[in-house]
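1. Sharing a sequence plus its predicted fold:
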Amino acid sequence: MARRNSLGWPRIIALTLAALVATVLPLPDWLEILRPDFVALTVLWFCLLSPRMTGMFHAWGAGLVLDTFRGVLLGQHALALIVITYVATKLRLQIRAFPPLQQTAVILALLWLNEFLLFWIDGVSGHPITDWRRWLAVPAGAACWPLISGLYARIAARR
């Protein structure tokens, strides 16, 4: 008998909403600059785990909700998440075969791409471009990848 995948839409929606809340939850200023992009990490994890179930539509929807929560240009996070989801989907089998340290390096590169796209969209749309501290969240997010990946794997394994 084939093992049924325990990752269903209720868990996907719950984890995505938890990531959205963790992304917009107020933090002290000194900690705010180190906040990882939990939505991007969640979308990447689902993309690597089950691209047919979540994939691009999930990334687009989560990005639009994040744009609405943050009150920024509608579609900027959606576009950035779709691009990194596409790259991660194309490299999915290679990324999953990597040991954890190399996976973290690939996730770091994808988070850099995500932040660069947001930076570029801010510049093109005429929004004020922030200083260098905006880039500190990228290595913080990559450092959180093994923890988030392990936590989500435990949640997905529950019946």
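-> Looks like it came in fine.
2. and the residue nearest in space to the middle of the chain, how far is that from residue 84?
-> Of all residues in the chain, the one closest to the mean position by CA atoms, centre = their mean is residue 40, 1.1 Å from it. Per CB to CB, to the nearest Å, residue 40 is found 7 Å from residue 84. For every residue, glycine as well, the C-beta is placed using N, CA and C.
3. residues shared between the contacts of these two?
-> Counting by CB atoms under 8 Å, 6 or more residues apart in numbering, the shared contacts of residue 40 and residue 84 are 110-111, 114.
4. mind putting those residues in CSV, distance to residue 127 included?
-> Below are the shared contacts of residue 40 and residue 84 laid out as CSV (distance: CB to CB, whole Å):
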residue, distance to residue 127
110, 23
111, 20
114, 17
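5. among the residues you listed, which are in helices?
-> Cross-referencing the shared contacts of residue 40 and residue 84 against helices under DSSP state H gives 110-111, 114.
6. Could you look up the next helix or strand downstream of the worst-scoring helix or strand of the chain on mean pLDDT?
-> The weakest-scoring helix or strand in the chain, judged by mean pLDDT, DSSP states H and E, is helix 29-32 (a mean of 88). From helix 29-32 onward toward the C-terminus, using DSSP states H and E, the following helix or strand is helix 38-49.
7. just checking, next helix/strand downstream of that following helix?
-> Counting by DSSP H and E, the next helix or strand C-terminal to helix 38-49 is helix 55-70.
8. Give me the next element, helix or strand, following that following helix.
-> Once helix 55-70 ends, the next helix or strand along the chain (criterion: DSSP H and E) is helix 76-90.
9. before we move on, back to that, could you let me know which of the shared contacts of residue 40 and residue 84 ends up closest to residue 133?
-> Nearest to residue 133 out of the shared contacts of residue 40 and residue 84 is residue 111 (CB to CB; 15.4 Å).
10. Let me see the contact set for that closest one.
-> Contacts here follow CB under 8 Å, 6+ apart; on that basis residue 111 touches 37, 40-41, 84, 138, 141-142.
11. Of these, which is the most crowded?
-> residue 40 (30 neighbours; other CB atoms under 10 Å).
12. Please look at that one and residue 81 and confirm they touch.
-> Yes: the criterion here is CB atoms under 8 Å, and residue 40 meets it with residue 81 at 6.3 Å.
13. Overlap in contacts, those two.
-> With CB under 8 Å, 6+ apart, residue 40 and residue 81 have common neighbours residue 114.
14. Now residue 74: closest residue in space that isn't a chain neighbour?
-> Spatial nearest neighbour of residue 74, excluding adjacent residues (CB to CB, 6 or more residues apart in numbering): residue 67 at 5.1 Å.
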